[in-house]
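Asks: could you work out the structure for the sequence below:
(one chain, ligands or ions: 1)
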Amino acid sequence: MKIGIVGAGNIGSALARHFRERQHTVLIANSRSPETLSALAHATGAMPVALSDMARGVDLLIIAIPMKSVPLLPKEFLDGLPATSPILDTGNYYPLRDGRIAAIDKGMIESEWVASLLGRPVLKVFNNIVADSLLRKGLPRGSKHRIALPISGDDATAKRRVIALIDEIGFDALDAGPLAESWRQQPGTPAYCPDPTLSQLPGLLQRAQRDKSPANRDRAAQLMAKLPADFPPQNLVRLSRLSAGMDLWKPQSWRAVLSLGFALLRS
Ligand SMILES: NC(=O)c1ccc[n+]([C@@H]2O[C@H](COP(=O)([O-])OP(=O)(O)OC[C@H]3O[C@@H](n4cnc5c(N)ncnc54)[C@H](OP(=O)(O)O)[C@@H]3O)[C@@H](O)[C@H]2O)c1
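Replies: Okay, the predicted model is just below:
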């Protein structure tokens, strides 16, 4: 496939690595010039391009930038994207990072807001796995602890194609229904970042409480803002699992709580 990735940070670069390892062609852009991505290009074989050259003729386009940056994408940047090419939204809304987005604060689903700005349907996926897990924890199909990712959207054919691609890079995928249901995988829900298996994921999505998730999200964001940059990402996964009611009796869960406590004391 020829895959375009807008955003070359944690998520965009992890996806670029995976797709290049499977011999896909990857075009990648950031907010600056292609030259600023030469190290990533060298390491992965992804091809840095200007945003204006990204979408033409790609089979799949991935938006992996902060929510606050979506309105800054130039209007004409989707010109030339084939109508059959799915657009994946990996984004999450964090008011602490993105500022207030009134429509989402009033209850609009995050990826519906993105779709409304782009003027094209999107699928929501890769938003609820921490970049470290996405980069390092892929496993062969059938592995006992293989992580499952939800994918929400209204185009069943597009979802099937993306589910096959997710499988290729080492993860199970669950069709989590239409985009209107994608609030179940937004920040502040039980399915947000606990690295669940395919058998665990449906129950987590089911237990999401739409009215409670914004407050949960903001509490978590305030805590995370106090953590040092080197706080281990897998401890964040353990804390997500614990708050989703998983691994209550595992020592590593409580070690993660202790490490959170120490990190907060130091901050
Ligand atoms: N980090 C995670 O673990 C994680 C997990 C799941 C989902 N997400 C979500 O995925 C999205 C990306 O997260 P991230 O952690 O990968 O972000 P990040 O590391 O901060 O990287 C953001 C990337 O977006 C680019 N960008 C920003 N504004 C742009 C614009 N107007 N046009 C083109 N490129 C632009 C930046 O380019 P410059 O360097 O040029 O600014 C940078 O390459 C966020 O919504 C985040 O919430 C993150």
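
Asks: quick one: contacts for residue 263?
Replies: Counting by Cβ atoms under 8 Å, 6 or more residues apart in numbering, residue 263 touches 226-228, 231. (Glycine included, C-beta is placed from N, CA and C.)

Asks: which parts of the helix or strand residue 218 falls within are buried?
Replies: In the assignment (DSSP states H and E), residue 218 maps to helix 213-225. If you call a residue buried by 16 or more other Cβ atoms under 10 Å, then helix 213-225 has these buried ones: 213-214, 216-217, 220-221.

Asks: closest one to residue 100 out of those residues, please.
Replies: Comparing the buried residues of helix 213-225 against residue 100 with Cβ to Cβ places residue 214 closest, at 11.5 Å.

Asks: thought that closest one was touching residue 183?
Replies: No: Residue 214 is beyond contact range of residue 183, at 9.9 Å (criterion: Cβ atoms under 8 Å).

Asks: put the alpha carbons of stretch 75-91 into PDB.
Replies: This file holds the C-alpha atoms of stretch 75-91, laid out as PDB (Å, rounded to 0.1, in the frame of the first residue of the first chain):
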ATOM      1  CA  LYS A  75      -8.100  23.300   3.000                       C
ATOM      2  CA  GLU A  76      -6.600  21.900  -0.300                       C
ATOM      3  CA  PHE A  77      -4.500  19.300   1.400                       C
ATOM      4  CA  LEU A  78      -7.000  16.500   0.700                       C
ATOM      5  CA  ASP A  79      -7.200  17.300  -3.000                       C
ATOM      6  CA  GLY A  80      -6.200  14.300  -5.000                       C
ATOM      7  CA  LEU A  81      -7.000  11.800  -2.200                       C
ATOM      8  CA  PRO A  82      -9.000   9.000  -3.900                       C
ATOM      9  CA  ALA A  83     -12.600   8.800  -2.600                       C
ATOM     10  CA  THR A  84     -12.000   5.200  -1.700                       C
ATOM     11  CA  SER A  85      -8.900   5.900   0.500                       C
ATOM     12  CA  PRO A  86      -9.800   5.800   4.200                       C
ATOM     13  CA  ILE A  87      -8.700   8.500   6.500                       C
ATOM     14  CA  LEU A  88      -7.700   7.400  10.000                       C
ATOM     15  CA  ASP A  89      -7.900   9.700  13.000                       C
ATOM     16  CA  THR A  90      -5.500   8.800  15.800                       C
ATOM     17  CA  GLY A  91      -6.300  12.000  17.800                       C
END
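
Asks: name the residues of that stretch that are buried.
Replies: Quick answer for stretch 75-91 (16+ other Cβ under 10 Å): 77-78, 81, 85-91.

Asks: distance between that stretch and the chain's centre?
Replies: 17 Å (Cα atoms, centre = their mean, to the nearest Å).
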